[in-house]
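[1] could you look at this predicted model? Sequence included:
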Amino acid sequence: MKTRDYEIAKNFKEKLSEITQLIDFKIFGSRAKESADEYSDMDVFLEVPELTAELKEKILEISWEVGFENFLVISPLIFTKDEVENSPLKASPILRNIVEEGINI
């Protein structure tokens with residue numbers, strides 16, 4: 001992962017930590033693989049204890065703000081601990097890819 005991307009992700013995580021507990025925070029996709037171009041978004045996997053509509057809205061707002069400040073689209077993929085552990089998502093190829101290739105911040 002490029003240093004600039006790491007710093008943006010770290011800043012995003014810090015801002016999110018002010019509003020919720022983060023069980024997991026990983027960067028995945030082209031920015032994690034360093035195959036991104038200047039127009040690539042930053043894919044972020046977030047696992048939180050619980051997710052309300054209000055919390056989801058706040059997370060999306062922060063992702064927009066941090067992205068806007070850095071000329072980057074941040075695309076959060078948000079799941080609860082229960083969804084990760086007890087739903088069909090557990091067997092999802094995307095989750096498996098995030099676990100295998102995602103970068104913890």
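    Here it is on my side, so go on.

[2] pull the helix or strand with minimum mean pLDDT from the protein.
    helix 93-101 (a mean of 89; mean pLDDT, DSSP states H and E).

[3] helices and strands around the helix or strand following that helix, which ones?
    Going down the chain from helix 93-101, the next helix or strand is strand 103-104, by DSSP states H and E. Applying 3 or more Cβ pairs under 8 Å, 6 or more residues apart in numbering; DSSP states H and E, we find strand 103-104 packed against strand 24-28. Yep, even glycine has a C-beta here, placed from its N, CA and C like the rest.

[4] mean confidence for the strand it packs on?
    The pLDDT scores in strand 24-28 average 97.

[5] that strand pairs with which strands?
    Strand 24-28 has the following sheet partners, assigned by DSSP bridges: strand 42-48 (antiparallel), strand 103-104 (antiparallel).

[6] quick one, the first one and helix 93-101 angle?
    The reference is to strand 42-48. 100 degrees (axes from the mean of the first three to the mean of the last three Cα atoms, to 10 degrees).

[7] please work out which residues outside strand 42-48 touch it.
    With contact meaning Cβ atoms under 8 Å, 6 or more residues apart in numbering, strand 42-48 is reached by 5, 8-9, 12, 16, 20-32, 55, 59, 63, 67, 72-81, 84, 98, 102.

[8] for PyMOL, write a command that selects the buried ones of those residues.
    Selection of the buried residues among the contacts of strand 42-48 in PyMOL, burial being defined by 16 or more other Cβ atoms under 10 Å:
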select buried, resi 5+8+9+12+16+20+24+25+26+27+28+29+31+32+55+59+63+67+72+74+76+78+79+80+84+98+102
